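A.B. asks: Structure here, sequence nowhere to be found:
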């Protein structure tokens, strides 16, 4: 038994049986489930916004397509939110979409949902994937 005051050894007691190269690249987004959103990057320009996000690993989270919405935070009474369909793109890659027709001077929040095929019944299901805080359109 090691006394409580002893410090751990800085070197391993034995070498690993095998080793493989490690990558310093940013890891691919993991298979995010419902309610586990990731951040979206939003850049604005006159009347539009470009929304960018990191796609998950297609082998663990095969996205069929994306649904993107820009919600005007100053909408007229009874207005609706239009969802834009975005192609899935490569797994572990960066995906972006441009939302046009936004009103200059208005604040917009953004929601992104992924559409995946349910393993249980084969029916497409949409889940929240990411959100972005409201931005003002110039």
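C.D. replies: Sure thing, it's come through. Predicted model, so just to flag it, every value in this text is computed and none were measured.
A.B. asks: What residues sit buried inside stretch 39-51?
C.D. replies: Residues of stretch 39-51 classed as buried: 40, 42, 44, 48-49, 51 (neighbour count, 16 or more other C-beta atoms under 10 Å). For the C-beta atoms, the positions are set from N, CA and C on the backbone; glycine is no exception.
A.B. asks: can you name the two of these that are farthest apart?
C.D. replies: 40 and 48 (15.0 Å; C-beta to C-beta).
A.B. asks: re the thing from before, turn the buried residues of stretch 39-51 into TSV, including secondary structure.
C.D. replies: Listed next are those as TSV, based on DSSP: H, G, I helix; E, B strand; the rest coil:
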residue	secondary structure
40	coil
42	strand
44	strand
48	strand
49	strand
51	strand
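A.B. asks: Out of the residues you listed, flag the one nearest to residue 125.
C.D. replies: Checking these against residue 125 by C-beta to C-beta gives residue 40 as the nearest, at 20.2 Å.
A.B. asks: contacting residues for the closest one?
C.D. replies: By C-beta atoms under 8 Å, 6 or more residues apart in numbering, the contact list for residue 40 reads 51-53, 110, 112, 130-132.
A.B. asks: With adjacent residues omitted, what lies nearest to it?
C.D. replies: Closest residue in space to residue 40, ignoring its immediate chain neighbours: residue 132 at 4.1 Å, by C-beta to C-beta, 6 or more residues apart in numbering.
A.B. asks: surely the one you found meets residue 44?
C.D. replies: No - in this structure residue 132 lies outside contact range of residue 44 using C-beta atoms under 8 Å: 10.8 Å.
A.B. asks: other SSEs contacting the longest strand belonging to the chain?
C.D. replies: Once the chain is assigned using DSSP state E, the strand that runs over the most residues is strand 124-136. Counting contacts by 3 or more C-beta pairs under 8 Å, 6 or more residues apart in numbering; DSSP states H and E, the secondary-structure elements packed against strand 124-136 are strand 38-39, strand 41-45, strand 48-54, strand 63-72, strand 107-117.
A.B. asks: Please convert the ones you listed to JSON lines, extending it with mean pLDDT and distance to residue 93.
C.D. replies: Shown next, in JSON lines, are the helices and strands packed on strand 124-136 (pLDDT from 0 to 100; distance: least, C-beta to C-beta, whole Å):
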{"stretch": "strand 38-39", "mean pLDDT": "69", "distance to residue 93": "14"}
{"stretch": "strand 41-45", "mean pLDDT": "97", "distance to residue 93": "14"}
{"stretch": "strand 48-54", "mean pLDDT": "94", "distance to residue 93": "8"}
{"stretch": "strand 63-72", "mean pLDDT": "94", "distance to residue 93": "11"}
{"stretch": "strand 107-117", "mean pLDDT": "93", "distance to residue 93": "14"}
